[in-house]
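Peer 1: sequence first, predicted model second:
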Amino acid sequence: MDGTGKRQLTNNGSANFAPYFTPNGKRIIFSSNLHNPKGFDFDLFLIDVDGKNLERVTYTPGFDGFPMFTSDGKQLVFVSGRNATSRREFNIFVADWVVDSTEHYLKQHASYLASDKLEGRKPGFQGNMEAANYIAEQFKNIGLEPIGDNGTYFQNFEVVTELQLGLKNELVLQQNKKKTPYAIDKDFRPLGFSSDTTVSAGLVFAGYGISAADLKYDDYENVNVTGKIAVVLRGSPEGDTPHSQFGKFTALRYKAMNARQKGAAGLIVVSSTSEDSADNLVKLKYDNSFSTSGIATIHATRSVVNAWLKANKTTIDSLSAQIQRSKKPNSFELKKLAVTLSTEVQKIKKPTQNVVGILRAANPIPNEHMIAGAHFDHLGYGGDGSGSLAPSKNEIHNGADDNASGTSAMIEMARQLSDYKGVLKRDIVFMGFSGEEMGLLGSAHYTKSPILPLEQAVTMVNLDMVGRLKDNKLTIQGTGTSTNWESMLNSLNSDSLFSLALVKDGFGPSDHASFYSKNIPVLFFFTGVHEDYHKPSDDFDKLNYEGMGKIVRFAVNVTTSVDTPSARPDFQKTVQPVMASGSGRGFKVTLGTVPDYSEGVVGFKISDVRENGPAQKAGLKGGDIIIKLGTYEIKSIYDFMYSLEGFKPGDETDVVFQRGTETITAKVKFDKRN
């Protein structure tokens with residue numbers, strides 16, 4: 001040792017002394033009054049030899065200092081004022097030293113939760129229940145108290161898992177006095193969002209069923225479908241052209257809404273050979289919306305519809321090719337033909353559950369608690385309509401990063417914080433949410449049926465996809481939901497352990513949004529999307545367990561920092577920045593609403609509105625159900641989204657919504673979408 005290569009490891013404005021290397025030589029333990037720089041409350045801390053990854057070791061009020069290890073590295077000896085009878089009394093303590101087991105536990109949790117045995121943890125299925133049981137068992141081992149239903153760790157609710165055909169599904173052609181019935185599942189099949197209804201009406205071929213004013217194209221322009229059944233092609237006038245301008249109009253939900261808007265009483269869709277040479281009927285599937293299209297909607301085979309077109313001396317393929325060549329509509333009435341169409345689709349519900357446990361502080365501030373949560377559900381075997389980005393692969397989607405990683409981190413937060421319950425000022429509720437992939441259903445259920453009063457929740461920390469830390473880049477969202485957050489986070493990261501990306505917005509596609517909408521400050525930890533996202537390849541062996549351990553320690557430090565002051569953090573709404581003119585993709589406008597996916601209603605139910613957004617300015621608030629926007633009847637969230645295509649920034653129109661038993665009409669002026 002010649003004194004060269006010296007470097008400063010701490011620079012935190014506190015008294016830091018008595019350093020000692022840990023047995024493996026990779027970290028240093030020392031005493032500091034970091035959390036009380038002007039006082040004499042000293043605790044033991046660990047720091048990496050490069051000055052990063054600061055971690056608090058002791059939490060007992062008073063003095064802890066002069067740490068040293070035994071020669072075999074198995075015990076720590078230090079001086080402490082704990083248990084003293086006077087301010088001048090200090091005693092020597094010995095404690096077992098256990099090498100950080102966080103990474104070991106993280107891998108144990110994630111390898112089980114993301115195993116094939118759990119079959120993708122889809123809500124309503126056995127693998128999801130086994131995941132819930134595992135989390136509950138971990139909560140029990142850690143010492144969390146169950147606060148769920150009937151003294152268990154579970155808060156139960158139901159989700160729609162599949163659709164089944166009802167008894168009333170028929171398609172009958174009437175031509176002159178002759179009736180021709182067709183076979184369900186052979187000649188036709190209802191779409192999953194069809195209304196349960198019966199209609200008898202004439203037929204109108206309406207091209208691709210698209211009305212696109214900006215593209216100067218409207219299949220309904222020269223035909224009247226009021227009270228009739230529209231027959232439309234799947235796809236668009238540009239076929240399978242990549243990046244087609246018509247791409248956003250190809251969804252079957254859009255075609256059903258547009259037909260209804262034009263006055264149609266029903267919709268029959270059909271595939272051209274270029275769209276589907278096998279002419280397979282669309283599978284009966286649930287698209288995570290309780291709401292129907294508002295009209296009878298089915299898929300019929302080409303052979304069925306071609307028979308109807310014989311009198312017009314044409315076929316589906318001829319019509320499709322002609323429209324694609326000309327890029328002009330070719331719509332007409334099928335005279336002397338009528339059909340009776342009946343549809344009935346049953347939604348099958350199955351039970352799932354949130355997992356809830358509480359860490360009781362020894363002497364908690366009354367009527368206050370903190371929340372840490374993560375969703376544990378995923379996509380099962382994937383497939384169409386599941387949310388999979390590889391929908392053609394009917395394989396187990398293990399969801400290691402999404403979100404076995406966050407669930408594992410949440411469990412380890414609970415384990416580490418359980419060591420500090422003697423000094424915590426507030427109880428901490430830990431939650432595993434189900435149904436997140438179906439629209440934040442678990443967290444929405446909790447906030448609508450809270451076990452503890454929501455107004456007592458001081459903050460909510462959410463961990464979702466924290467398993468792919470790269471270059472130490474960590475995103476924390478919700479930093480604008482309290483004036484405390486950014487300064488606290490930057491202070492805790494003063495050693496630059498992470499390259500932090502701080503995002504102010506309190507909303508977002510994860511469970512923290514349910515709590516933010518209830519005026520609770522939130523923080524959402526996230527390491528980013530990757531090529532395995534929502535694919536069968538998201539496996540546990542690809543997780544960065546060392547990075548997850550760092551995030552767990554940081555989240556624990558965040559939690560204790562929130563807990564340390566007696567005053568709870570303030571709450572503020574965040575304002576979404578307005579996008580510069582000329583930028584952006586997709587919808588041109590926004591109403592500033594946040595959808596509520598958790599209830600089956602006719603219309604578009606909102607869980608909250610954005611601060612200073614058009615909806616808030618128009619007087620809408622969480623719980624309202626929008627049923628009409630301008631001339632558009634709104635039966636579902638899909639109707640609402642497609643209706644936005646009809647407006648430009650600055651447009652003003654009427655919005656009709658239900659609030660309880662009232663129906664209210666207000667004026668709304670659209671903002672440019674961010």
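Peer 2: Received the coordinates, thanks.

Peer 1: ok, then the element right after the lengthiest strand in the chain?
Peer 2: Of all segments of type strand in the chain, defined using DSSP state E, the longest is strand 345-359. Next helix or strand after strand 345-359 toward the C-terminus (DSSP states H and E): strand 369-375.

Peer 1: just the angle between the longest strand of the chain and strand 369-375, please?
Peer 2: Per axes from the mean of the first three to the mean of the last three C-alpha atoms, to 10 degrees, the angle that strand 345-359 makes with strand 369-375 is 130 degrees.

Peer 1: mind giving me the packing neighbours of strand 345-359?
Peer 2: With contacts defined as 3 or more C-beta pairs under 8 Å, 6 or more residues apart in numbering; DSSP states H and E, the packing partners of strand 345-359 are helix 126-142, strand 145-146, strand 154-165, helix 406-418, strand 427-433, helix 441-448. From N, CA and C alone the C-beta is placed, and that goes for glycine too.

Peer 1: buried residues, the host helix or strand of Glu546. List them.
Peer 2: Glu546 belongs to helix 545-563 when assigned by DSSP H and E. Buried residues in helix 545-563, counted by 16 or more other C-beta atoms under 10 Å: 545, 547-563.

Peer 1: that helix to strand 427-433, inter-axis angle?
Peer 2: Calculated by the same axes, to 10 degrees, helix 545-563 forms an angle of 140 degrees with strand 427-433.

Peer 1: surely Ile365 touches Ala567?
Peer 2: No: counting by C-beta atoms under 8 Å, Ile365 does not reach Ala567; the two are 9.9 Å apart.

Peer 1: ok, these two, which is more surrounded?
Peer 2: Using other C-beta atoms under 10 Å as the criterion, Ile365 and Ala567 rank with Ile365 on top: 17 against 8.

Peer 1: re the thing from before, show me which residues of the longest strand of the chain are buried.
Peer 2: Across strand 345-359, burial judged by 16+ other C-beta under 10 Å covers Val345, Thr352, Gln353, Asn354, Val355, Val356, Gly357, Ile358, Leu359.

Peer 1: got the contact list for the last one?
Peer 2: Right, the one you point to is Leu359. For Leu359, the contacting residues are 142-145, 414, 417-418, 421, 424, 427-430, by C-beta atoms under 8 Å, 6 or more residues apart in numbering.

Peer 1: how about the fourth one?
Peer 2: With contact taken as C-beta under 8 Å, 6+ apart, Asn354 is in contact with Gly148, Phe154, Gln155, Phe157, Met431, Gly432, Phe433, Ser434, Gly442, Ser443, His445, Tyr446.

Peer 1: and with 6 Å instead?
Peer 2: Gln155, Met431, Phe433, Ser434, Gly442, Tyr446 (C-beta atoms under 6 Å, 6 or more residues apart in numbering).

Peer 1: for it, give the beta-bridge partners.
Peer 2: Gln155 (DSSP bridges).

Peer 1: got a quick PyMOL command for the buried subset of the contacts of Leu359?
Peer 2: One line in PyMOL is enough to select the buried ones among the contacts of Leu359; burial here means 16+ other C-beta under 10 Å:
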select buried, resi 142+144+414+417+418+421+424+427+428+429+430
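
Peer 1: ok, the contacts of Leu359 vs Gln322, which is closest?
Peer 2: Distance to Gln322 across the contacts of Leu359 (C-beta to C-beta) is lowest for Phe430, with 61.7 Å.

Peer 1: right, and the closest one touches Ala414 too?
Peer 2: Yes: contact status for Phe430 versus Ala414: in contact at 4.8 Å, counting by C-beta atoms under 6 Å.

Peer 1: all strands of the stretch 501-650 of the chain, in order?
Peer 2: With DSSP state E, counting those that start in this stretch as the criterion, the stretch 501-650 of the chain has strands at 522-526, 589-590, 593-595, 604-609, 625-629, 632-633.

Peer 1: what's the most buried one of these?
Peer 2: Highest mean neighbour count among those (mean count of other C-beta atoms under 10 Å): strand 522-526, with a mean of 26.

Peer 1: direction included, what does that one pair up with?
Peer 2: Partner strands and pairing direction for strand 522-526 (DSSP bridges) are strand 457-463 (parallel), strand 473-477 (antiparallel).

Peer 1: take those and lay them out in JSON lines including mean neighbour count.
Peer 2: Listed next are the strands paired with strand 522-526 as JSON lines, based on neighbours: other C-beta atoms under 10 Å:
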{"stretch": "strand 457-463", "mean neighbour count": "27"}
{"stretch": "strand 473-477", "mean neighbour count": "21"}
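
Peer 1: run through the chain and note the low-pLDDT ranges.
Peer 2: The chain contains residues with pLDDT under 70 at 1-3, 576-587, 598-599, 674.

Peer 1: quick revisit: need the strands of the stretch 501-650 of the chain in a markdown table (columns: distance to Val668).
Peer 2: Output for the strands of the stretch 501-650 of the chain, formatted as a markdown table (distance: least, C-beta to C-beta, whole Å):
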| stretch | distance to Val668 |
| --- | --- |
| strand 522-526 | 27 |
| strand 589-590 | 10 |
| strand 593-595 | 10 |
| strand 604-609 | 11 |
| strand 625-629 | 8 |
| strand 632-633 | 13 |
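
Peer 1: compare the ones you listed and give me the one nearest Gln658.
Peer 2: strand 625-629 (4.4 Å).

Peer 1: helices and strands around that closest one, which ones?
Peer 2: Where contact means 3 or more C-beta pairs under 6 Å, 6 or more residues apart in numbering; DSSP states H and E, strand 625-629 is packed against strand 652-659.

Peer 1: what does the strand it packs on rub up against?
Peer 2: 624-630, 664-669.

Peer 1: for the very next helix or strand once past that strand, buried residues please.
Peer 2: Heading C-terminal from strand 652-659, the first helix or strand you meet, by DSSP H and E, is strand 662-669. Residues of strand 662-669 classed as buried by neighbour count (16+ other C-beta under 10 Å): Val668.

Peer 1: who are the packing partners of strand 662-669?
Peer 2: Going by 3+ C-beta pairs under 6 Å, 6+ apart, strand 662-669 lies up against strand 652-659.

Peer 1: next, the angle strand 625-629 makes with the strand it packs on.
Peer 2: Interaxial angle of strand 652-659 relative to strand 625-629 (the same axes, to 10 degrees): 150 degrees.

Peer 1: that older thread, among the strands of the stretch 501-650 of the chain, which is nearest Asn33?
Peer 2: It is, among the strands of the stretch 501-650 of the chain and with distance given as C-beta to C-beta, strand 522-526, at 25.9 Å.

Peer 1: pull the CA atoms of the closest one into PDB?
Peer 2: Output of strand 522-526 as PDB, limited to C-alpha atoms (Å, rounded to 0.1, in the frame of the first residue of the first chain):
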ATOM      1  CA  VAL A 522     -47.600   6.300  -7.200                       C
ATOM      2  CA  LEU A 523     -44.200   5.100  -8.300                       C
ATOM      3  CA  PHE A 524     -43.900   2.600 -11.100                       C
ATOM      4  CA  PHE A 525     -40.600   0.700 -11.600                       C
ATOM      5  CA  PHE A 526     -39.900  -0.600 -15.100                       C
END
